[in-house]
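In: Whatever this is, show me its structure:
(2 chains)
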There are 2 protein chains.
Amino acid sequence: MDIQTSKICRLGIDLGGTNTVLGIVDAQGSILAKKKMPTTGHPSLESYIDKLAETYFAMLRGLPEDIKVIGAGVGAPCANQTTGCIEGATNLPWKGTIPLASLLSKATGIPVSISNDANAAAAGERMFGAARGIDNFIMLTLGTGVGGGIVCDGHLLSGSRGFAAELGHVTLGEGFDRDCPCGRKGCLQMYAQAGGVVQTALEMLDSSPDDSVLRQIKPEMLTPLEITLAARNGDKIAKETYRLTGEVLGKGVANFLAITDPDAIILFGGVSKAGDLLIGPMRESMERNALFLYKNRIRILVSQLPDADAAILGAAALVS
Amino acid sequence: MDIQTSKICRLGIDLGGTNTVLGIVDAQGSILAKKKMPTTGHPSLESYIDKLAETYFAMLRGLPEDIKVIGAGVGAPCANQTTGCIEGATNLPWKGTIPLASLLSKATGIPVSISNDANAAAAGERMFGAARGIDNFIMLTLGTGVGGGIVCDGHLLSGSRGFAAELGHVTLGEGFDRDCPCGRKGCLQMYAQAGGVVQTALEMLDSSPDDSVLRQIKPEMLTPLEITLAARNGDKIAKETYRLTGEVLGKGVANFLAITDPDAIILFGGVSKAGDLLIGPMRESMERNALFLYKNRIRILVSQLPDADAAILGAAALVS
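Out: Predicted coordinates for the structure are as follows:
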């Protein structure tokens, strides 16, 4: 079928430690078909790839004939977009370097691009979400860890080995002493990831005599969502938790501005659900700490992609 | 004349506050012709542009006929490569926004690209110098101020308004309290620019009882060169000055690695002449402060372009 008369689609694959989700996405960002399969339990990498291709072809058969899938994108841990390989992922069943892009391309007959989740998120926002039409922006995924993706001059930065935009591991300097699993101290993610926000709340509960509804929640059950709900109900410690998180995030981001001169910062993930509780103080801190060149022109936006589909849409958007 | 049989050249223009230097550069980086003219003293911007074009045509007439100039690059203060305009330069005779690229292109008949000096330096190293064949690197010009240029995935980053890579204005956080003319505290340039190195030396002379040949030099006459010479002769305070400078520079650069995943850092300018006195401690500090992903793989190189011609070569290299 002629490509001009067909409906251009992309295959998005969200490769997680437990499940792999596939979605066929049209040019408007609608998911026409979606399937889930386990990532684990396959006798070999080859049989996993075969199963992936088989699932894709079955999905395709269920769609109208005028669908033309122009390529596949995979969002996966430790995925190197420069080489097309997954390198040393600790939460996947296969060890070492996996040439995922070439294996999957051979099995499906379509070009395959891969990248880590945060880069895929940036691509997804650009094609389908809050960053449509924005050529210069920085994506921050605030969840379990903090991931980053940078689009500069219309190009998603990859770097020499695909490790560009590890923004969660930018260190904040003296006075930021939380230990990061990477072995260093003061990485941004230790303050802006879900667990970092919870730690800030717990530290404040510990040091403050103020009453707080958060005291009724067992520390190990506390999440950014409870803190957000408490803050919206006027809880002082909950509000102060997001104020401090925004303060730190704004300080970190102010330095990023001087590196790629973006128009917008786009937030995704559980912590970003706090909305203005976080973004207000973050903006204030970013403006206060930024070089004059960048003041009063950087928008802070929250992802416009639905949580459940963001990973699929981001992966699909890796196909250019 | 057919472009295939002609000798491809580029016009490089170094636009400074006092003088403008033009050079016609061949593909190997040899300067075939070079002329200097004053930047000031012209009745209008238009007459300056006319004089520039006239000078270029005169240079061209003196060269063999098979020279084909494919474009001009201009390195200038406050030059925005995205818009082709000079915007608010305080040390040039013309105020406001100057559409330099379009004016000069009209006057010369060739395409014109402009950028700031540090970006031009990065382009120059990539085409003719230490960064040949390197698609991911960060340029730092350590002179009067610290400038930056970033090449990521083979592309010189410009950013939304051409203000990418203002690396001298990345702040170092608590404990770095020197006042920067930008109005903030702790900008990297306050420690790594020529005046920053001198300030570090003066502070050490002040607080240390140690003997030093630097005490024989009037503070206002002290430059990085004297400190380098003293350090090479074993002067303890001079060596310690570069050790501290390298320590700070390495710490700052360690965070840059997580943003664009480069293969090399390239240093240019007076402070870089200290060579291993600076680079040894800088490398040690960068490795100590870097995320594990980047350890033991980033080269620190010194510019390979001759000082006197670097600005011309860099400007010429802006023509792709």
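In: those helices in chain A, which residues are they?
Out: Per DSSP state H, chain A carries helices over the ranges A:45-61, A:100-108, A:117-128, A:189-192, A:194-207, A:224-232, A:236-260, A:276-289, A:307-316.
In: which other helices and strands contact the last one?
Out: Translated: helix A:307-316. Under the contact definition 3 or more Cβ pairs under 8 Å, 6 or more residues apart in numbering or on different chains; DSSP states H and E, helix A:307-316 sits against strand A:7-15, strand A:19-26, strand A:31-38, strand A:67-75, helix A:117-128. For the C-beta atoms, the positions are set from N, CA and C on the backbone; glycine is no exception.
In: swap in the shortest one?
Out: For helix A:189-192, the helices and strands in contact under the criterion 3+ Cβ pairs under 8 Å, 6+ apart are strand A:145-152, helix A:194-207, helix A:236-260.
In: Looking at those, which is nearest to chain B?
Out: Comparison of these against chain B by Cβ to the nearest Cβ identifies helix A:236-260 as nearest, at 4.3 Å.
In: Check which helices and strands the closest one is in contact with.
Out: For helix A:236-260, the packing partners by 3+ Cβ pairs under 8 Å, 6+ apart are strand A:137-143, helix A:189-192, helix A:194-207, helix A:224-232, helix A:276-289, helix B:236-260.
In: Make a markdown table out of these and add mean neighbour count.
Out: Below are the helices and strands packed on helix A:236-260 laid out as a markdown table (neighbours: other Cβ atoms under 10 Å in any protein chain shown):
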| stretch | mean neighbour count |
| --- | --- |
| strand A:137-143 | 27 |
| helix A:189-192 | 27 |
| helix A:194-207 | 19 |
| helix A:224-232 | 20 |
| helix A:276-289 | 20 |
| helix B:236-260 | 24 |
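In: These: which one's closest to residue A:213?
Out: Comparing those against residue A:213 with Cβ to Cβ, the closest turns out to be helix A:224-232 (5.0 Å).
In: how about stretch A:26-45: buried residues?
Out: A:29, A:31, A:32, A:33, A:39, A:42, A:45 (16 or more other Cβ atoms under 10 Å in any protein chain shown).
In: Stretch A:103-122 now?
Out: So for stretch A:103-122, counting by 16+ other Cβ under 10 Å, buried means A:103-105, A:107-108, A:110, A:112-122.
In: Need the distance between the two termini of that stretch.
Out: 25 Å (Cα to Cα, to the nearest Å).
In: what about that stretch, distance to the chain center?
Out: 16 Å (Cα atoms, centre = their mean, to the nearest Å).
In: before we move on, back to that, okay, the helices and strands packed on helix A:189-192 in JSON lines with mean pLDDT next?
Out: JSON lines is the format used below for these (pLDDT from 0 to 100):
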{"stretch": "strand A:145-152", "mean pLDDT": "96"}
{"stretch": "helix A:194-207", "mean pLDDT": "97"}
{"stretch": "helix A:236-260", "mean pLDDT": "98"}
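In: For residue A:72, which of these is the nearest?
Out: strand A:145-152 (18.8 Å).
In: From the chain's centroid, how far away is the closest one?
Out: The chain centroid and the centroid of strand A:145-152 are separated by 7 Å, computed with Cα atoms, centre = their mean.
In: if we can go back for a sec, how about the helices and strands packed on helix A:236-260 in a markdown table, adding distance to residue A:84?
Out: A markdown table is the format used below for those (distance: least, Cβ to Cβ, whole Å):
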| stretch | distance to residue A:84 |
| --- | --- |
| strand A:137-143 | 21 |
| helix A:189-192 | 26 |
| helix A:194-207 | 30 |
| helix A:224-232 | 34 |
| helix A:276-289 | 35 |
| helix B:236-260 | 20 |
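In: Go through these and name the closest to residue B:307.
Out: Using Cβ to Cβ, the helices and strands packed on helix A:236-260 put helix B:236-260 closest to residue B:307, at 19.6 Å.
In: Just want the angle from that closest one to strand A:137-143.
Out: 80 degrees (axes from the mean of the first three to the mean of the last three Cα atoms, to 10 degrees).
In: what's the angle between helix B:236-260 and helix B:224-232?
Out: Using the same axes, to 10 degrees, helix B:236-260 lies at 110 degrees relative to helix B:224-232.
In: Could you list the buried residues of stretch A:309-320?
Out: So for stretch A:309-320, counting by 16+ other Cβ under 10 Å, buried means A:309, A:310, A:311, A:312, A:313, A:314, A:315, A:316, A:317, A:318, A:319.
In: Spit out the contact partners of the closest residue to residue A:199 other than its chain neighbours.
Out: Distance criterion Cβ to Cβ, 6 or more residues apart in numbering or on different chains; nearest residue to residue A:199, sequence neighbours excluded, is residue A:178 at 7.2 Å. By Cβ atoms under 8 Å, 6 or more residues apart in numbering or on different chains, the contact list for residue A:178 reads A:185, A:186, A:187, A:190, A:191, A:196, A:199.
In: In contact with the fifth one: list those residues for me.
Out: Okay, so that is residue A:191. Per Cβ under 8 Å, 6+ apart, neighbours of residue A:191: A:172, A:176, A:178, A:197, A:200, A:245, A:248, A:249.
In: separation between it and residue A:203?
Out: 11 Å (Cβ to Cβ, to the nearest Å).
In: In the stretch 1-150 of chain A, which residue sits closest to chain B?
Out: Closest point on the stretch 1-150 of chain A to chain B, by Cβ to the nearest Cβ, is residue A:136, at 4.1 Å.
In: Neighbours of the residue nearest to that residue when sequence neighbours are not counted, how many?
Out: Nearest non-adjacent residue to residue A:136, counting by Cβ to Cβ, 6+ apart: residue B:160, 4.1 Å away. Applying other Cβ atoms under 10 Å in any protein chain shown, we find 22 residues neighbouring residue B:160.
In: Make a markdown table out of the buried residues of stretch A:309-320 and add pLDDT.
Out: Listed next are the buried residues of stretch A:309-320 as a markdown table, based on pLDDT from 0 to 100:
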| residue | pLDDT |
| --- | --- |
| A:309 | 95 |
| A:310 | 95 |
| A:311 | 95 |
| A:312 | 97 |
| A:313 | 98 |
| A:314 | 97 |
| A:315 | 98 |
| A:316 | 98 |
| A:317 | 98 |
| A:318 | 97 |
| A:319 | 97 |
